[in-house]
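A.B. asks: missing the sequence, but the structure's below:
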Ligand code: GAP
């Protein structure tokens, strides 16, 4: 059973991320840039694997979902229709005593400044729109304003008719997208949990109105299971239905998949029954008909939408927190990331026992064989024990050691991360051996 992640664990993860090349503060040589992060050699693999696992489950393995990659820049009309221009705001207050700025709805005591402790010194709250605005072309000013998308979802709504007309999909069907979104968060923080630039994995599932409740239940269960299937411990995960006071006016039901972060339960993903709100809005604002005509029943209707909306960057961090373990090996404290093999940065590492040329060349040949199938690291520095420890620390499930006997018997030693058990495997059988274990 896993413990609830502690604040100390959080610091260890932030430290590990920097030390082992998962996440770097952005523009660090210039002093960093306001809660913005870059994903290093390990982080880019982890994040890509999270996204690929989502895509595999949401698009590749389904007959009823297709993909999309829509533009990040959008004209004001989209955001007028979606309601973001008018309503995508947070209540912002300034402390008159220390000039710090806060989100009113996130303050523990709405009267007390958490920075300087001043009471009753906040300005009147004002609505602060979270969208980043910029200009298209050389002229600044009205008529040239564009917005960076604050969610990927609108790309699916504005392309609903395009996809319907080109893909031969019919409700119930979904459109899925992974990509960057941007929000000018007032209080970003908790490392990559809340940032101004982040990645989302969203799917809009269009259904006949009468079937919406049933599909909502279906997607809540599917999405919860996805995290468990990737090794998230059940005691760190919950599905929390929103209370009536939390629901947007157009949503009849929403549930969040939540993870037990060091600061408590917090959101990884929201699954919402959005009714026909979005298509109605875009139909009204664009003047384009977005109804679906069902030839079988002779009915014309605006499909209802079930939306599972997850954060890739936030989810990658939750997987790291859940996977972090410290173990004692021969009196030495070591870190092991027990990441599921599908999301571990590398699935295997090839380690020649010595740097001698007669071992290096055949080891590289083994690396080449495996690299056709998986992301495989290659490391010939330091002692073998230290190299095992380094691979454990970044979650590599299998280490493959090529030693002097390998030159004679054409076999290598395969070490498994969690059990640390070692097995001699012939190089001829190596791909099949790992293939059975990396499904
Ligand atoms: N289309 C619905 C939508 O965007 P959301 O709950 O605002 O819903 C979905 O966002 C997911 O995107 C969240 O559950 C979270 O994982 C991620 N997310 C939202 N804002 C974020 C931020 N500032 N930084 C990192 N992830 C964020």
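C.D. replies: Nice, thanks for sending it over. All figures in this text were calculated on a predicted structure; none of them were measured in a lab.
A.B. asks: Quick one: residues contacting residue 6.
C.D. replies: Residue 6 makes contact with residue 262, according to Cβ atoms under 8 Å, 6 or more residues apart in numbering. Where C-beta positions appear, they are placed from N, C-alpha and C, glycine not excepted.
A.B. asks: Give me the phi and psi for it.
C.D. replies: phi -100, psi 160 (degrees, to the nearest 10).
A.B. asks: what's the pLDDT at it?
C.D. replies: At residue 6, the predicted lDDT confidence score is 88.
A.B. asks: what do you get for residue 86?
C.D. replies: 94.
A.B. asks: roughly how far apart are residue 61 and the ligand?
C.D. replies: Distance of residue 61 to the ligand, computed by Cβ to the nearest ligand atom, to the nearest Å: 22 Å.
A.B. asks: Compute the number of surrounding residues for that residue.
C.D. replies: Using other Cβ atoms under 10 Å, residue 61 has 9 other residues around it.
A.B. asks: ditto for the one 3 residues further on
C.D. replies: Per other Cβ under 10 Å, the neighbour tally for residue 64 reads 13.
A.B. asks: which residues touch it?
C.D. replies: Neighbouring residues of residue 64 by Cβ under 8 Å, 6+ apart: 169, 172, 173, 174.
A.B. asks: what do you get for residue 381?
C.D. replies: Counting by Cβ under 8 Å, 6+ apart, residue 381 has contacts 355, 387.
A.B. asks: Which of the three states applies to it?
C.D. replies: Three-state call for residue 381 (DSSP: H, G, I helix; E, B strand; the rest coil): coil.
A.B. asks: From residue 431, how far out is it?
C.D. replies: 26 Å (Cβ to Cβ, to the nearest Å).
A.B. asks: Residue 348 now?
C.D. replies: 10 Å.
A.B. asks: Between the two, which contacts overlap?
C.D. replies: residue 370.
A.B. asks: Return the list of strands paired to the helix or strand harbouring residue 328, each annotated with direction.
C.D. replies: Element membership of residue 328, judged by DSSP states H and E, is strand 324-329. Using DSSP bridges, the strands paired with strand 324-329 are strand 332-337 (antiparallel).
A.B. asks: now the partner strand, how far from the centre of its chain.
C.D. replies: Centroid displacement of strand 332-337 relative to its chain, using Cα atoms, centre = their mean, to the nearest Å, is 25 Å.
A.B. asks: Just the buried positions in that strand, please.
C.D. replies: Within strand 332-337, the residues scored as buried using 16 or more other Cβ atoms under 10 Å are 335, 336, 337.
A.B. asks: Then stretch 70-87?
C.D. replies: By 16+ other Cβ under 10 Å, the buried positions in stretch 70-87 come out as 70, 74, 76, 78, 79, 81, 82, 84, 85.
A.B. asks: unless I'm mixing things up, residue 83 is touching residue 281, no?
C.D. replies: Yes. In terms of Cβ atoms under 8 Å, residue 83 counts as a neighbour of residue 281; the distance is 6.9 Å.
A.B. asks: can you tell me the residue of this protein closest to the ligand?
C.D. replies: In the chain, the residue found nearest to the ligand is residue 311; the distance is 2.2 Å by Cβ to the nearest ligand atom.
A.B. asks: From start to finish, how long is stretch 282-299 in a straight line?
C.D. replies: End-to-end distance of stretch 282-299 (Cα to Cα, to the nearest Å): 21 Å.
A.B. asks: got the contact list for it?
C.D. replies: 77, 80-82, 157-158, 160-161, 164, 170-171, 206, 208, 279, 300-303.
A.B. asks: Pull the contacting residues for the residue nearest the centre of the chain.
C.D. replies: For the chain, the residue nearest the mean C-alpha position is residue 312 (1.0 Å; Cα atoms, centre = their mean). Shown in contact with residue 312 (Cβ under 8 Å, 6+ apart): 47, 50, 51, 54, 178, 198, 199, 200, 201.
A.B. asks: per-residue confidence averaged over the helix or strand encompassing residue 360?
C.D. replies: Element membership of residue 360, judged by DSSP H and E, is helix 357-371. For helix 357-371, the mean per-residue pLDDT is 97.
A.B. asks: for stretch 429-437, same thing?
C.D. replies: Here stretch 429-437 scores 98 as its mean pLDDT.
A.B. asks: distance between it and the chain's centre?
C.D. replies: The chain centroid and the centroid of stretch 429-437 are separated by 29 Å, computed with Cα atoms, centre = their mean.
A.B. asks: Any stretches of this protein with poor pLDDT?
C.D. replies: Judged by pLDDT under 70, the chain has its weakly predicted residues at 1-3.
A.B. asks: can you list the residues of it near the ligand?
C.D. replies: 151, 153, 183, 185, 194-195, 198, 200, 202, 267-270, 307, 309-311, 313-314 (Cβ under 6 Å from any ligand atom).
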